[in-house]
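Novice: with the sequence up front, the predicted model follows.
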Amino acid sequence: EAGVTQFPSHSVIEKGQTVTLRCDPISGHDNLYWYRRVMGKEIKFLLHFVKESKQDESGMPNNRFLAERTGGTYSTLKVQPAELEDSGVYFCASSQERGTPQFFGPGTRLTVL
Amino acid sequence: AQSVTQPDIHITVSEGASLELRCNYSYGATPYLFWYVQSPGQGLQLLLKYFSGDTLVQGIKGFEAEFKRSQSSFNLRKPSVHWSDAAEYFCAVVGGMEYGNKLVFGAGTILRVKS
């Protein structure tokens, strides 16, 4: 069974540019999550999808971040325009249902110069 | 609000020695508890989980953790550390429905193994 995959693994962009991160969850997992780890800080929750619906987006830092989950399959996280403080590692995770473990992807390391 | 404390930022142990990584959580009821590991260049891998029942849970790679309600702790242990265990370890909690299904992580503990 394939795990959670994320693309790209690394992205380096200039301040003000746009970046789109992609996550493919484990097949059959309705729950998809985005987390972020900024350098030196804890891993922080960003948002949670159940199928194509946003269940909880309380962790999204501001309106420069836009997450979508088309047809309840893969998800994208767009940052527009990117700022220096957006640099960090963005993790995606998926789970079958609440209370079941979340399985993480390898992360996307975003560097904003 | 939920919180997780991992008081040790770095720990160094000798190969073959025992290991205990500390984790304390703040939550009114019994949460779901997890330990994840991130090896260099890798993503987060689930080591073990506690939902209910037996308070001593076994995980992969020879790790175990014990849930102690009275101490609000979920410490991770391994009797004999291998050099390949060098990684960063994260304790995490999922609380009740009022907190949604999000994981709240501790700051992580970096484990170094010396030969």
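Specialist: Yep, that arrived.
Novice: show me what contacts the closest residue in space to residue A:39 that isn't next to it in sequence?
Specialist: If the residues on either side of it in the chain are set aside, residue A:39 comes closest to residue A:88, at 6.3 Å by CB to CB, 6 or more residues apart in numbering or on different chains. Where C-beta positions appear, they are placed from N, C-alpha and C, glycine not excepted. By CB atoms under 8 Å, 6 or more residues apart in numbering or on different chains, the residues touching residue A:88 are A:36, A:37, A:38, A:39, A:109, A:110.
Novice: helices and strands around the host helix or strand of the first one, which ones?
Specialist: What it means is residue A:36. Using DSSP states H and E, residue A:36 maps to strand A:31-37. Judged by 3 or more CB pairs under 8 Å, 6 or more residues apart in numbering or on different chains; DSSP states H and E, the packing partners of strand A:31-37 are strand A:43-50, strand A:75-79, strand A:88-95.
Novice: distance from the chain centre to the shortest one, please.
Specialist: When C-alpha coordinates are averaged (CA atoms, centre = their mean, to the nearest Å), strand A:75-79 and its chain have centres 7 Å apart.
Novice: next: stretch B:107-115.
Specialist: 13 Å.
Novice: follow-up on the earlier one: what's the most buried one of the helices and strands packed on strand A:31-37?
Specialist: Stretch with highest mean neighbour count among those: strand A:88-95 (a mean of 24; mean count of other CB atoms under 10 Å in any protein chain shown).
Novice: ok, which residues in chain B are in contact with chain A?
Specialist: B:32, B:34, B:36, B:42-46, B:49, B:51, B:90, B:94, B:100-108 (CB under 8 Å from any CB of the partner chain).
Novice: can you tell me which of the residues you listed are in strands?
Specialist: Those of the residues of chain B next to chain A mapping onto strands are B:32, B:34, B:36, B:44, B:45, B:46, B:49, B:90, B:94, B:104, B:105, per DSSP state E.
Novice: dump the residues you listed into JSON lines; add neighbour count and pLDDT as well.
Specialist: Below are these laid out as JSON lines (neighbours: other CB atoms under 10 Å in any protein chain shown; pLDDT from 0 to 100):
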{"residue": "B:32", "neighbour count": "20", "pLDDT": "89"}
{"residue": "B:34", "neighbour count": "26", "pLDDT": "94"}
{"residue": "B:36", "neighbour count": "25", "pLDDT": "97"}
{"residue": "B:44", "neighbour count": "27", "pLDDT": "94"}
{"residue": "B:45", "neighbour count": "16", "pLDDT": "95"}
{"residue": "B:46", "neighbour count": "17", "pLDDT": "95"}
{"residue": "B:49", "neighbour count": "19", "pLDDT": "93"}
{"residue": "B:90", "neighbour count": "25", "pLDDT": "97"}
{"residue": "B:94", "neighbour count": "24", "pLDDT": "87"}
{"residue": "B:104", "neighbour count": "22", "pLDDT": "92"}
{"residue": "B:105", "neighbour count": "23", "pLDDT": "95"}
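Novice: quick check: residues of chain A near chain B?
Specialist: So chain A meets chain B at A:4, A:31, A:33, A:35, A:41-45, A:48, A:55-56, A:58-59, A:91, A:93, A:95, A:98-99, A:101-107 (CB under 8 Å from any CB).
Novice: in PyMOL, select just the buried ones from those residues.
Specialist: Provided next is the PyMOL selection string for whichever of the residues of chain A next to chain B are buried by 16 or more other CB atoms under 10 Å in any protein chain shown:
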select buried, chain A and resi 4+31+33+35+42+43+44+45+48+55+56+59+91+93+95+101+102+103+104+105+106+107
